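Novice: predicted model and sequence below, questions to follow.
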Amino acid sequence: MEEYIIRPIKDTEIHLLKEFIYEAIFQRDEKNLLPRSIIEQPDIKVYIEGFGKPDDLCLVAEVNEKVVGAVWTRILSGEVKGYGNIDEKTPEFAVSLYKEYRGKGIGTALMKSMLRLLKDNGYERTSLAVQKDNYAVKMYKNVGFEVINESEEEYLMVCKL
């Protein structure tokens, strides 16, 4: 397996979150991918627009000097809340890897690193929403997320830090 490093995102790389938010969208039908313009919808762009506020945290995974994945958290409040929003003190979690780097442990390493960073920054928990049939549910459970609520299609999950 290729070596990777996990490090904080650089200001010059924040634009990459547009790529990673698209990659984070669970697409059931690989032959009919959603258009990239979907990231401009208010309920999706809220995860990346204006990233860099005091509560925004982001780590990236790098392989051969190329950023191949990212994990980031934001406290989403105001008019447009995230899908996994539970309150105004809990950062909402997003993780994404380019397809060719999935299944190699990089996503799990990114998540564990972010959980440590959140804890070190004094947060008590973090949350996320995920479609029930998303392969990532298992990874989320393995790093400590638990289902606290569910709808017909999604789980709302929380990880206590």
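Specialist: On my side now, so go ahead.
Novice: go ahead and confirm residue 60 touches residue 67.
Specialist: Yes. At 4.8 Å, residue 60 counts as touching residue 67 under the criterion of Cβ atoms under 8 Å. Bear in mind the C-beta positions are built from the backbone N, C-alpha and C, glycine included.
Novice: counting neighbours, go ahead and name the busier of the two.
Specialist: residue 60 (22 against 17; other Cβ atoms under 10 Å).
Novice: just to revisit the earlier point, quick check: neighbours shared by residue 60 and residue 67?
Specialist: 13, 16 (Cβ atoms under 8 Å, 6 or more residues apart in numbering).
Novice: residue 160 touches residue 143, doesn't it?
Specialist: No. Between residue 160 and residue 143 there is no contact, the gap being 11.8 Å when judged by Cβ under 8 Å.
Novice: out of these two, which sits in the busier spot?
Specialist: Using other Cβ under 10 Å, the more surrounded residue of residue 160 and residue 143 is residue 143, with 16 against 11.
Novice: that one: what's its closest spatial neighbour, skipping adjacent residues?
Specialist: residue 111 (4.8 Å; Cβ to Cβ, 6 or more residues apart in numbering).
Novice: residue 56 too?
Specialist: residue 74 (5.3 Å).
Novice: quick one: the strands in the protein?
Specialist: 5-8, 57-63, 66-74, 92-97, 125-131, 146-150, 154-160 (DSSP state E).
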